[in-house]
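1. let me see the structure of the following:
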Amino acid sequence: MHSLVFPFAAIVGQQPLKTALLLAAVNPAIGGVLIRGEKGTAKSTTVRAFAALLPEISVVLGCPFSCDPDAPKDACPWCRRQGERILRTRRRIRVVTLPLNATEDRVVGGIDFGRTIQEGRRVLQPGLLAKAHRGILYVDEVNLLDDHIVDILLDAAASGRNVIEREGIHVSHASRFILVGTMNPEEGELRPQLLDRFGLCVEIVSEKDPQTRALLMQRRESFDADPQAFIRAFQEDSLQTTSRIVEAKHLLPQVHLSRNLRKLIAELCTENHVAGHRADLVIEAASRAHAALNGRNEVTVTDIQEVAKMALIHRRREAIPPPPPPHPKENNAQTDPPSEASEDPSEHSKESNPENQQENPSQPLEPTSRSQEQEESRPENTSSAEPSRNDLDRNAEGIDRIFEIGETFQVQKFSSAKDRMFRRGSGRRSRTRIAQKQGRYIQSTTVVKTGDIALDATLRAAAPHQKHRKRTGGLAVVLRNEDLREKIRERRIGNFLLFLVDASGSMGARGRMAASKGAILSLLLDAYQKRDRVAMISFRKTEAVVNLPPTSSIELAAQLLREMPVGGRTPLSAGIAKAHDMIRNHLLREPTARPIVLFITDGKTNVALGGKKPVEEAVEMAEKWSMDPRIRFIVVDTENQELVRFGLARRLAQVMKAQYYKIEDLKSERLLHLVKEHDR
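-> So this is what the prediction gives:
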């Protein structure tokens, strides 16, 4: 297999990555390497090339867990049964690839169905953690792993053992491996618990020098034209690197680290505000390996400086800033920006009629038709460089403006409701039963469709009938169709998120649209990381438009969001109608889908589709739409929370039985509860 792998020595540049991998091979106590970088930077190529360099190790012949014959204390049950009859052999250190769609049985190990039926006893089938023992476990796009697989890796990495307790099997074996993962940060971050388990982290960027890039192309063309000849050209360099690893491993126990340098390591970790003490231990282990690679038995300051960058880059935290000084109250009148009410003293009585009624059931929801006519006849205000909200919202045509995207932030986890439906798909947001041979086995069923047999449940169903069944063909267990049970599996998949955005003139007041765009972009980034499909509809003037059809492209979404104009009146009913049509079409194509609709609005409206009053019409339409139990609704209130508030967005959320939040809450921990998992 190694004969057609691009040679490690032929890889152009990427010296920090090469060094990190060599350090991990010399001293596995470092804990692994995380490789972060954009697409097309030879991350996977470098890891596969590195595998061809790894030296041989001694293993017990025939052992499925790669036990070390010189470490009898770690012997697996198979080796213990052999006693003194064990034989040894040598083989290369393995690099075991963990695919993203691997099931829990494939990773941990489980029962061998075929042999169990033939032999009449439970036979263990070792998993990837058994194969990776004393080797390297490689995960491409490690940030996309399902959470339950991540939990398994964390348990094994922390304890150094893999415990298999399933389907009547109870086996424990050593599982010490070097975890090497690659990831593209644009596709989502790694869970903090797993991130900290990687001893070293390397940031990979593309080469900038034209000559280096030209050399890269030349070597790749030469390899593709004649792989064997190209590998032979770098064979001597590869052998030297392998010998260097072997010599460094032998020298490592003799490498000394002085007390003063340990203090230096502690100071570096303290200055970078790392959590815990794993960073200190990693830097110590890596600096000793770095010295051994360079043929020295004494660690120097240079060794520490070289490895500290890789050990701290993913653990470094910013210091907690001091609290801001209090604002001087006496200068508020001169320094504070004017409130919405100060823009126009008559705003709350004249602005865009229906949405500006106070939240009082005894008051009418609509102004008189006369005041509406006066409002529509008011001339546009084109002389102001910073038009006020009432000037923008007051005109049927409005003054179009384009606002920049405000501050983005990290979005906490949220998901749609959990139910008993079986679905297909992939992603990282909502947990669901899956109609595929992937995910975590949670229970069994008598309905046989996929062929994913639940052996434990099948054997339990067949056991009471064995005395009365005739055995043929040497089978120890006789099964019939009525005994068969299938696995019900569960995993996370993506959702369809529809953003319904108020882009009327009232959103321009006091930067509300900039803040709303920042919140929307943050949610879009989160949707991209969770493998969701997203769409966006905005409503302004007299209609609603589809700004973004259903897509997974965050680049397109961000560009359209930046260019979204703001101005004109507020046709909320048109927005609800347009969103309803899009969701209906989506559910016709995917009846088991669970879309999430996010309203970004203050709830105000002054344009109706029919003869009813605008607010009354919008509330009635929203209430009818909310009767579909497959859809989850979220209302994010963009109304300014100072002075007079009208609470129309809150009322909209109430009639829709939607989660209600003010826009500033998107930045708090309360977002965690936006869409809580619970049964309807």
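2. show me the protein divided up by domain.
-> Domain segmentation of the chain under automatic domain parsing yields 1-55+93-205, 249-318, 401-416+495-673, 437-491.
3. centre of the chain versus the last one, how much separation?
-> Taking the mean of its C-alpha atoms, domain 437-491 sits 35 Å from the chain's own mean (Cα atoms, centre = their mean, to the nearest Å).
4. from here on, call the first residue 156.
-> Let's use 156 as the start, then, which means that last one is domain 592-646.
5. quick check: mean pLDDT of that domain?
-> Per-residue confidence for domain 592-646 averages out to 76 on the pLDDT scale.
6. before we move on, what about the first one?
-> Looking at domain 156-210+248-360 alone, the average pLDDT works out to 82.
7. identify the residue spatially nearest to residue 785, adjacent ones excluded.
-> Leaving out its chain neighbours, the residue that sits closest to residue 785 by Cβ to Cβ, 6 or more residues apart in numbering is residue 749, at 6.0 Å. Using the backbone N, CA and C atoms, a C-beta is placed for each residue, glycine as well.
8. measure that neighbour to residue 280 for me?
-> 35 Å (Cβ to Cβ, to the nearest Å).
9. between those two, which one's more packed in?
-> Neighbour totals were compared for residue 749 and residue 280, and residue 749 leads with 24 against 18 (other Cβ atoms under 10 Å).
10. any idea whether that one is helix, strand or coil?
-> Reduced to three states with DSSP: H, G, I helix; E, B strand; the rest coil, the structure at residue 749 is coil.
11. pLDDT wise, what is the residue lying closest to residue 763 once chain neighbours are set aside at?
-> If you skip the residues right next to it in sequence, residue 763 has residue 769 as its closest partner in space, 4.4 Å away by Cβ to Cβ, 6+ apart. The confidence metric pLDDT takes the value 92 at residue 769.
12. ok, how many other residues are close to residue 769?
-> The local packing of residue 769 (other Cβ under 10 Å) involves 26 other residues.
13. over to residue 694?
-> With other Cβ under 10 Å as criterion, residue 694 counts 28.
14. how close does it sit to residue 653?
-> From residue 694 over to residue 653 the distance is 13 Å, taken as Cβ to Cβ.
15. export stretch 296-306 to CSV, keeping only CA atoms.
-> Once side chains and other backbone atoms are set aside, the C-alpha atoms of stretch 296-306 remain, and they are given as CSV (Å, rounded to 0.1, in the frame of the first residue of the first chain):
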residue,chain,number,x,y,z
GLU,A,296,-12.6,16.3,9.2
VAL,A,297,-12.6,15.3,12.8
ASN,A,298,-14.8,18.3,13.6
LEU,A,299,-17.7,16.6,11.8
LEU,A,300,-17.7,13.5,13.9
ASP,A,301,-21.0,12.6,15.6
ASP,A,302,-21.1,13.5,19.3
HIS,A,303,-21.5,9.9,20.5
ILE,A,304,-18.4,8.8,18.6
VAL,A,305,-16.5,11.8,20.1
ASP,A,306,-17.5,10.6,23.5
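16. my guess is residue 754 contacts residue 786. True?
-> No - Residue 754 lies out of contact with residue 786 (Cβ atoms under 8 Å); the separation is 12.0 Å.
17. more neighbours: those two, which one.
-> The neighbour count for residue 754 versus residue 786, taken as other Cβ under 10 Å, is higher for residue 754 (28 against 24).
18. that's a helix at the more buried one, yeah?
-> No - the assignment for residue 754 is strand, going by three-state DSSP, so no helix is present there.
19. chain neighbours aside, what residue packs nearest to it?
-> The nearest residue in space to residue 754 (Cβ to Cβ, 6+ apart) is residue 790, at 4.6 Å.
20. surely the one you found is within a helix?
-> No - under three-state DSSP, residue 790 falls outside any helix and is assigned strand.
21. how many neighbours does it have?
-> Residue 790, neighbours per other Cβ under 10 Å, totals 25.
22. also residue 160?
-> Residue 160 is surrounded by 17 other residues when neighbours are defined as other Cβ under 10 Å.
23. what are the ranges of the helices in the stretch 356-505 of the chain?
-> Secondary structure of the stretch 356-505 of the chain (DSSP state H, counting those that start in this stretch): helices located at 365-380, 382-388, 390-406, 414-426, 433-448, 456-467, 487-490, 495-498, 502-505.
24. would you mind finding the most buried of these?
-> Among the helices of the stretch 356-505 of the chain, ranked by average contacts under mean count of other Cβ atoms under 10 Å, first place goes to helix 433-448 (a mean of 24).
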